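Peer 1: Just a sequence and a predicted model for now, questions to come.
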Amino acid sequence: MGADETEDDGADFLLTDSGDDVDLRLARLEALATRRPALLSAVMLRQNPHNVAEWHKRVKLFTGDPTKQILTYTEAVKTVDHDKAVGKPNTLWIAFAKFYEKHGDVANARIIFNKATQVPYKYVDDLATVWCEWAEMELRHNNFKSALDLMQRGTAAPQRPRKLSPDEERKLPVQERLYRSSKLWSFYADLEESLGTIESACKVYDTMLDLKVATPQIILNYALMLQEAKHWEASFQVYERGTSLFKYPHVADIWAAYLKSFVARYGGSKLERARDLFETAIKDCPPEQAKPLYLEYAALEEQHGLARHAMQVYERAIPAVPKDQRLSVVELYVSRATDFFGIAKVREIYETAIESEPPADLPEADVRTLCVRYAQLERKLGEIDRARGIFVHGSHLADPRTAKAYWDAWNDFEVRHGNEDTFREMLRIKRSVTASYAQMHIHSTAQIVEATAAAMAQPAAMPADTMAALEAQAVLDAGTRLPGFVSAGVIQQGQDQDRPGAAATAGGQQAAAAANPEEIELGDDDEDEEPAAAGNAAATAEDGDDDGADVQERAVPAAVFGSLAQQAAQQEGEQGEQLGALERFKRRRVE
């Protein structure tokens with residue numbers, strides 16, 4: 001027995017494996033496949049143990065095993081660092097507490113929530129969410145008093161020896177800053193409004209206003225609660241506090257609710273007060289939010305005030321709203337003026353709107369629309385000439401290539417009410433406008449091209465003084481540099497006399513000029529003037545003129561006479577040297 005036991009020690013198990021344990025191996029493989037998600041989750045958490053989403057996924061893997069889920073939640077809340085967390089760590093505590101609540105263990109859920117409120121979260125909103133979830137759990141179990149107590153605990157201001165600055169308070173833990181959480185206060189106000197009394201709810205809202213943690217929606221909720229309780233003046237006071245706390249654009253909803261409630265409550269009994277409210281509302285209102293206020297103001301004047309005041313409000317509204325909304329205001333203005341004042345006021349409105357100047361002007365497309373409508377109105381009244389004049393006035397804003405509807409309307413008008421002369425005048429104006437817009441397009445394109453060329457030609461890093469020096473040097477080097485000027489090779493007198501290298505440049509240009517076979521060479525200005533003066537004196541003495549006029553003579557260049565000059569030179573060569581004018585006069589006298 002001993003020898004057999006010594007020999008069969010299992011060392012050769014792998015060599016003598018007969019494969020009878022297949023079932024065991026399959027069972028191990030199935031167990032490994034079953035554990036695969038948990039193993040992958042463990043690998044992911046080893047890579048980043050502060051990933052909140054991965055911890056939630058790991059808890060779901062153990063669904064049906066409460067013990068492992070509790071252990072996983074416990075490990076998660078101990079492992080996750082709130083400064084390094086990816087996600088919101090407070091969701092782990094909330095899910096942990098809801099797990100106990102789901103299984104009916106409310107006491108342990110309260111313990112978890114209590115521990116969660118002491119965790120140093122990174123943001124105040126995370127802690128406020130924990131308090132709200134705790135209170136909601138109490139509400140689900142009908143513990144209304146406990147929920148109110150929790151909210152009172154959470155919003156209690158800490159006792160401090162002095163008031164801290166915002167920077168100092170920002171460095172405190174989140175538990176010390178929780179009392180300024182708008183989310184927690186809003187939930188507390190909702191609970192007091194639903195479970196408490198009107199006095200307790202007002203106290204909560206007033207505390208929020210004092211702490212300046214109220215939002216415009218909280219102001220609206222507070223005022224609506226007071227209006228439901230028929231405390232109208234108290235609600236108006238809340239609106240007043242809200243308008244003083246907020247500025248545009250956040251205060252726009254408060255003003256809209258305030259004005260609507262005030263007009264619905266008092267109507268025209270307190271008209272002056274309502275006017276003051278509207279004037280205050282539109283005083284600092286941006287153009288994007290001004291239109292509803294002006295329209296409500298005008299409606300108030302129409303119903304309870306004076307029509308003349310309503311017209312003034314519409315007139316003020318046109319420049320106060322954005323350009324794209326002015327046409328609709330003008331249309332409403334015209335409609336109301338037609339009902340109250342008639343055609344004279346309507347004409348004034350149309351003319352003012354069409355001829356308005358910046359910053360109260362309308363877009364060109366809207367001006368064309370008003371011109372067409374104004375002309376149609378005059379046509380209905382039988383004022384054909386006035387309608388035609390309106391079309392002529394608006395034609396300079398209507399490019400025929402883009403404003404085809406305007407010219408079609410004018411064309412239809414002339415077909416119905418015009419004649420051959422008026423139709424031709426319309427066509428002439430259309431051609432003129434088309435030419436003017438085409439010319440404007442050409443000029444604008446040319447200006448753009450010139451500006452682009454100048455920007456490309458100008459060196460970016462060249463200082464201003466250096467540029468001026470280079471421009472002056474370029475003028476000296478190249479002579480006349482005018483746009484579109486092509487040099488003929490002629491050097492301007494006195495330009496290059498003193499510049500170094502001028503002789504070489506001049507010689508090159510003279511050679512280029514001599515290459516022109518048709519050029520006429522004139523004599524210099526410094527020819528001998530004495531023979532000419534003598535000849536003039538002799539001519540004057542012979543003619544007997546004593547007026548003392550100094551007449552100078554100069555030999556005509558031979559190039560003027562062409563071939564005739566050559567023949568004359570040959571004849572004079574035969575006779576001798578060429579004689580001047582004075583010598584010829586002397587010889588004639590002798591002869």
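Peer 2: Everything's here; your move.

Peer 1: Return the distance of residue 52 relative to residue 380.
Peer 2: Separation of residue 52 from residue 380 (Cβ to Cβ, to the nearest Å) stands at 73 Å. Placement of C-beta: from N, CA and C, glycine included.

Peer 1: ok, now residue 56?
Peer 2: Distance check for residue 56 against residue 380: by Cβ to Cβ, it reads 73 Å.

Peer 1: The two: which is more packed in?
Peer 2: Using other Cβ atoms under 10 Å, the more surrounded residue of residue 56 and residue 380 is residue 56, with 16 against 9.

Peer 1: Give me the nearest residue to that one, chain neighbours excluded.
Peer 2: Taking Cβ to Cβ, 6 or more residues apart in numbering as the measure, residue 56 lies nearest to residue 95, with 6.9 Å between them; neighbours along the chain are not counted.

Peer 1: Grab the nearest non-local neighbour of residue 37.
Peer 2: With Cβ to Cβ, 6+ apart as the criterion, residue 37 has its nearest non-adjacent residue at 5.3 Å, and that residue is residue 61.

Peer 1: Test my guess that that neighbour contacts residue 41.
Peer 2: Yes. With the criterion set as Cβ atoms under 8 Å, residue 61 and residue 41 qualify as a contacting pair; they are 6.2 Å apart.

Peer 1: Return the backbone torsion pair for residue 399.
Peer 2: In this entry, residue 399 is assigned phi and psi values of phi -70, psi 120 (degrees, to the nearest 10).

Peer 1: what's the nearest residue to it if we skip its chain neighbours?
Peer 2: Nearest one to residue 399, counting by Cβ to Cβ, 6+ apart, is residue 437 at 4.7 Å.

Peer 1: What is the burial count for that neighbour?
Peer 2: Look at residue 437: counted by other Cβ under 10 Å, it has 16 neighbours.

Peer 1: and if you look at residue 323?
Peer 2: Neighbourhood size, residue 323 [other Cβ under 10 Å]: 14.

Peer 1: Repeat that for residue 250.
Peer 2: Applying the criterion other Cβ under 10 Å, we find 13 residues in the vicinity of residue 250.

Peer 1: wait, it sits on residue 216?
Peer 2: Yes. In this structure residue 250 lies within contact range of residue 216 using Cβ under 8 Å: 5.4 Å.

Peer 1: on that earlier part again, for the helix or strand hosting the residue nearest to residue 399, what is the average pLDDT?
Peer 2: Element membership of residue 437, judged by DSSP states H and E, is helix 420-457. The average of the pLDDT scores along helix 420-457 is 76.

Peer 1: do the same with stretch 199-215
Peer 2: Mean pLDDT, computed over stretch 199-215, is 91.

Peer 1: Now tell me what touches it from outside.
Peer 2: In this structure, residues lying in contact with stretch 199-215 by Cβ atoms under 8 Å, 6 or more residues apart in numbering are 155, 179-182, 185-186, 188-189, 192-193, 218, 222, 225-226, 238, 241-242, 245.

Peer 1: Inside helices: which ones of those?
Peer 2: Within those, membership in helices is found for 182, 185-186, 188-189, 192-193, 218, 222, 225-226, 238, 241-242, 245, as judged by DSSP state H.

Peer 1: In stretch 193-200, which residues are buried?
Peer 2: Within stretch 193-200, the residues that qualify as buried by neighbour count (16 or more other Cβ atoms under 10 Å) are 193, 196.

Peer 1: swap in stretch 343-362?
Peer 2: Residues of stretch 343-362 classed as buried: 345-347, 349-350, 353-354, 356, 361-362 (neighbour count, 16+ other Cβ under 10 Å).

Peer 1: Tell me which two in these are the farthest apart.
Peer 2: When those are compared pair by pair using Cβ to Cβ, the two farthest from each other are 345 and 361, 20.9 Å apart.

Peer 1: quick one: buried residues of stretch 227-238?
Peer 2: By neighbour count, with 16+ other Cβ under 10 Å as the criterion, the buried positions of stretch 227-238 are 227, 231, 235-236, 238.

Peer 1: who's in contact with residue 296?
Peer 2: Residues in contact with residue 296, defined by Cβ under 8 Å, 6+ apart, are 259-260, 263, 278.

Peer 1: Now neighbour count and pLDDT too, for these, in CSV please.
Peer 2: Formatted as CSV, the entries for those read as follows, by neighbours: other Cβ atoms under 10 Å; pLDDT from 0 to 100:
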residue, neighbour count, pLDDT
259, 21, 94
260, 11, 94
263, 21, 93
278, 22, 95
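
Peer 1: and the two most separated of those residues?
Peer 2: Going by Cβ to Cβ, the pair spanning those furthest: 260 and 278, at 11.5 Å.

Peer 1: Looking at the contacts of residue 296, which is nearest residue 289?
Peer 2: The nearest one, if we look at the contacts of residue 296 relative to residue 289 and count by Cβ to Cβ, is residue 259, at 12.8 Å.

Peer 1: That closest one and residue 389: what is the separation?
Peer 2: Noted for residue 259: a distance of 43 Å to residue 389, by Cβ to Cβ.

Peer 1: Residue 186 now?
Peer 2: Where residue 389 is concerned, residue 186 sits at a distance of 63 Å (Cβ to Cβ).

Peer 1: and the residue lying closest to residue 433 once chain neighbours are set aside, how many neighbours?
Peer 2: Once its chain neighbours are removed from consideration, residue 433 has its nearest residue in residue 395; the separation is 5.7 Å (Cβ to Cβ, 6+ apart). Counted with other Cβ under 10 Å, the burial measure for residue 395 works out to 21 neighbours.
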